[in-house]
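1. Structure, please.
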Amino acid sequence: MDYAAKFETGLSYADFLAKYGSETERRRWGDFHEQIRLTDEQTALLQSFTRDMQVLVMAGTWCGDCVSQCPIFDHFASASDRIHLRFFDRDDNPDLAEALSTCGAARVPAVVFLSEDGYFCGRAGDRTLSKYRQMASSLTGAACSTGIADSQTDAVVQDWLNEFERIQWMLRTSGRLRKLHGD
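-> Residues are numbered from 1 along each chain as shown. Next up, the predicted model:
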């Protein structure tokens, strides 16, 4: 899969919701988006990023896990002009769904991190470690959450921020990119 070429065809957060979300789905995403609050420290970290990163997100507007994670990415991108997000609908992109298959299925959200010039740096998803820990401890309830904020939200925000930070440090310390930027 040529993720860099695919990235160029993606949609912004708002355009993705406008194209794929029903009124109810857009409201669910919007309600969760309004509940996310980055701490001052998290915002400062995001604003300190010096390398551009392209972030490809495969999602579904119908998916509770996407509702409770994708708005976080939009907050990160709003806090840092170095984060460039592109969204893809899982069902409209079977090539991407196949390439990002997780545990034998097209699970969402799936996130691919690319350097500014399109090199693959990492991937993450469909849920964070905090969410899996919570699910494993209870082993009850639906397979896909409702997308309603719960006590796990702050932990999930931090899990994702840790992943974005990890990729940023990878990009910042890359010998190839340091040579390109002269730093």
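
2. in the helix or strand in which Leu96 is found, what counts as buried?
-> According to DSSP states H and E, Leu96 maps onto helix 94-99. Of the residues in helix 94-99, those buried by neighbour count under the rule 16 or more other Cβ atoms under 10 Å are Leu96, Ala97, Ala99. For glycine as for every other residue, the C-beta is placed from the backbone atoms N, C-alpha and C.

3. what do you get for stretch 10-22?
-> Of the residues in stretch 10-22, Gly10, Leu11, Tyr13, Phe16, Leu17, Tyr20, Gly21 count as buried by neighbour count, 16+ other Cβ under 10 Å.

4. still on that earlier bit, would you turn the buried residues of helix 94-99 into CSV with pLDDT?
-> Formatted as CSV, the buried residues of helix 94-99 follow (pLDDT from 0 to 100):
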residue, pLDDT
Leu96, 97
Ala97, 97
Ala99, 96
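
5. Now Arg26: closest residue in space, sequence neighbours ignored.
-> Leu17 (5.2 Å; Cβ to Cβ, 6 or more residues apart in numbering).

6. Got the confidence number for that neighbour?
-> We note a pLDDT of 98 for Leu17 in this prediction.
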